[in-house]
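Novice: Generate coordinates for the sequence data below:
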Amino acid sequence: MVQATISAVRGMNDLLPAQAAALEHFERLATACLRAYGYRYIRTPVVEPTAVFRRGLGEVTDIVEKEMYTFVDALNGESLTLRPENTAGVVRAAIEHSLLHDGPCRLWYYGPMYRHERPQRGRYREFFQAGAEALGFAGPEIEVEQILLLQRLWQALGLGPVRLQLNTLGQAAERLAHRQQLVAFLQAHRAELDADAQRRVENNPLRVLDSKHAATQACLARAPRLLDFLGGASLGHFERVQQLLRQQGVAFEINERLVRGMDYYNLTVFEWVTDRLGAQGTICGGGRYDGLFELLGGKPTPACGFSIGVERVLALLEAEPIDDPACDVYVLHQGGPTFDAALRAAESLRDAGIEVILHAAEASMKSQMRKADASGAEYAVIVGTEELAEGTVTVRALRAASEAAPFARQERIAAGQLADRLVDALGADCGHEDCAIGDAGGAG
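Specialist: Numbers count the residues shown, from 1 in each chain. Got it, this is the predicted structure:
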């Protein structure tokens, strides 16, 4: 009996090898930028106690109300949740392990998040975020530093036009005073609001400001402004952020409707947006969240951070295909004893940090050469019966750029010189040292 095929869960997508080059490109550049600013890698569990998100994100946020994958542990009855975001998890870890015992710290993470919502382009049920959290920093300077980090990353990726939007949410008491006036206004104009905005009027009125509904937006143009309720300290903090960004030549726009989706934010919030992804145009969002530590049982601690929607960034990179050869060197042979010598040669190259494909089946040299060319390799290394008898290998340049390297178009050299010669030919920094035996560094 033929079994039916099984497909992936809707909204949870396979990443195929042909698509992986852009992801690896993003991961490499994001890691370099984060390390350049002193951020250290942290990995938290994919599953957290549900209380981490109910207390951290807020009971009446969309995420907690209708998007979380929550289940009861059959062994102990504990309510657990697949993480819908990672800031709360990082703060939970920082409290649990006393990460701020020796002072403020900068942390970054990367991994999958889960939200049960209607899948569409740029919005999936399993999606990946890369993010950073600066814990224990109170001033506006750290917010600006994070924005500069992100701008550096967009430039490194060649991401094209993305816009920075800023707003300030002030402090809790200021938001409460504004909330009272806003709720009164929205109740008086309830008939002008869309159904989702009407639902939020009492339990989460700030989220009404984020509505994309045209009639609701027209109504909100007359609503009380949060900026009018802010005191001197909050306004001064926001002005300092803007001043530092101007000094660094960073363009931005003020968006008074920008509120973000979680309850834990205060003071500065920001988003990087694009017009090239339709409704899902936010590729990165973040801001300050000074009250989150207390909500999760810790001591009062200032903090700020951001998260990047990886799939959305990759969608922007689709227009610029990434050159991703399968290897640096393709090793050919004639089977039998020549395979043994080819295997030794391939391992010596891998020891030197060079990416190698060794042809794994017997085939004609013509067929193997076609495979070598299709692999994208810069060089082919040939081990035939003549080379085996002489203790040599033949190196052939496969690309036009390779012909200018320290090899003729095709050259026979001593087998013992192969690794050194190819390291020189590919460049002293071939970019693959982390793969070399004995050098397994790097986080994540």
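Novice: Model confidence for Thr168, exactly?
Specialist: Looking at Thr168, its pLDDT stands at 93.
Novice: Asp439 too?
Specialist: Model confidence at Asp439 (pLDDT) stands at 33.
Novice: now the end-to-end length of stretch 35-45.
Specialist: Stretch 35-45 has an end-to-end distance of 22 Å (Cα to Cα, to the nearest Å).
Novice: let's have the chain start at 320 instead
Specialist: Sure, I'll start counting at 320 from here, so that last one is stretch 354-364.
Novice: what does it contact?
Specialist: 402, 405, 408-409, 411-412, 424-430, 451, 464, 468, 471, 762-763 (Cβ atoms under 8 Å, 6 or more residues apart in numbering). Every residue, glycine included, has its C-beta placed from N, CA and C.
Novice: so when I look at Cys623, I'm seeing a helix, right?
Specialist: No. Counting by DSSP: H, G, I helix; E, B strand; the rest coil, Cys623 is not found in a helix; it is strand.
Novice: for it, what are its contacts?
Specialist: 452-453, 456, 461-462, 465, 587, 605-608.
Novice: Looking at the residues you listed, spot the one nearest Leu741.
Specialist: Nearest to Leu741 out of the contacts of Cys623 is Gln465 (Cβ to Cβ; 40.9 Å).
Novice: so that closest one is in which element?
Specialist: In the assignment (DSSP states H and E), Gln465 maps to helix 460-476.
Novice: In that helix, which residues are buried?
Specialist: Across helix 460-476, burial judged by 16 or more other Cβ atoms under 10 Å covers 461-470, 472-473, 476.
Novice: okay, those in CSV with distance to Ala634 and pLDDT next?
Specialist: As requested, those are exported to CSV (distance: Cβ to Cβ, whole Å; pLDDT from 0 to 100):
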residue, distance to Ala634, pLDDT
Ile461, 29, 95
Glu462, 27, 96
Val463, 28, 96
Glu464, 27, 96
Gln465, 23, 96
Ile466, 22, 96
Leu467, 24, 96
Leu468, 21, 96
Leu469, 17, 97
Gln470, 19, 96
Leu472, 16, 96
Trp473, 14, 95
Leu476, 12, 92
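Novice: and the very next helix or strand once past the helix holding Gln465, what does it pack onto?
Specialist: Once the chain leaves helix 460-476, the next helix or strand it forms, by DSSP H and E, is strand 482-487. Counting contacts by 3 or more Cβ pairs under 8 Å, 6 or more residues apart in numbering; DSSP states H and E, strand 482-487 packs against helix 551-566, strand 572-573, strand 585-592.
Novice: before we move on, the earlier item: quick check: PyMOL command selecting the buried ones in the contacts of stretch 354-364.
Specialist: Here is the PyMOL selection string for the buried members of the contacts of stretch 354-364, based on 16+ other Cβ under 10 Å:
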select buried, resi 402+405+408+409+411+412+424+425+426+427+428+429+430+451+464+468
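Novice: buried sites along the helix or strand where Ala337 lies?
Specialist: Element membership for Ala337 (DSSP H and E) is helix 336-355. Residues 341-342, 344-346, 348-350, 352-353 are the ones in helix 336-355 that count as buried (16+ other Cβ under 10 Å).
Novice: want to throw the residues you listed into TSV with distance to Gln499 and pLDDT?
Specialist: As requested, the buried residues of helix 336-355 are exported to TSV (distance: Cβ to Cβ, whole Å; pLDDT from 0 to 100):
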residue	distance to Gln499	pLDDT
Ala341	48	88
Leu342	46	91
His344	49	90
Phe345	44	93
Glu346	46	94
Leu348	46	94
Ala349	42	95
Thr350	45	95
Cys352	42	95
Leu353	41	96
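Novice: pLDDT wise, what is Phe372 at?
Specialist: According to the model, Phe372 scores 89 on pLDDT.
Novice: that's a strand at it, yeah?
Specialist: No. Per three-state DSSP, Phe372 lies outside any strand segment and is helix.
Novice: and it, how many neighbours?
Specialist: If you count neighbours by other Cβ atoms under 10 Å, Phe372 ends up with 25.
Novice: Same check on Gln566?
Specialist: So Gln566, with other Cβ under 10 Å, has 9 neighbours.
Novice: From Cys352, how far out is it?
Specialist: Gln566 sits 20 Å away from Cys352, going by Cβ to Cβ, to the nearest Å.
Novice: List of residues touching stretch 554-567?
Specialist: By Cβ under 8 Å, 6+ apart, stretch 554-567 touches 458-460, 462-463, 466-467, 483, 485, 487, 546, 549, 571, 586-587.
Novice: rerun at 10 Å
Specialist: When contacts are defined by Cβ atoms under 10 Å, 6 or more residues apart in numbering, stretch 554-567 is touched by residues 457-460, 462-464, 466-467, 470, 483, 485-490, 493, 546, 549, 569-571, 573, 585-587, 589, 607.
Novice: what sits against Met387?
Specialist: 369, 372-373, 376, 380-381, 400-403, 433-435.
Novice: Mind giving me the ChimeraX command for buried ones among the residues you listed?
Specialist: Typed into ChimeraX, the next command selects the buried ones out of those (criterion: 16+ other Cβ under 10 Å):
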select :369,372,373,376,380,381,400,401,402,403,433,434
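Novice: Which residue ranges make up each domain of the protein?
Specialist: Following automatic domain parsing, one finds the domains of the chain at 336-489+549-636, 648-754.
Novice: Can you tell me the closest non-neighbouring residue to Val328?
Specialist: Arg444 (7.0 Å; Cβ to Cβ, 6 or more residues apart in numbering).
Novice: Mind pulling the model confidence for the one you found?
Specialist: At Arg444, pLDDT is 91.
Novice: With Ala475 instead?
Specialist: The model's pLDDT for Ala475 equals 93.
Novice: From Cys352, how far out is it?
Specialist: 7 Å.
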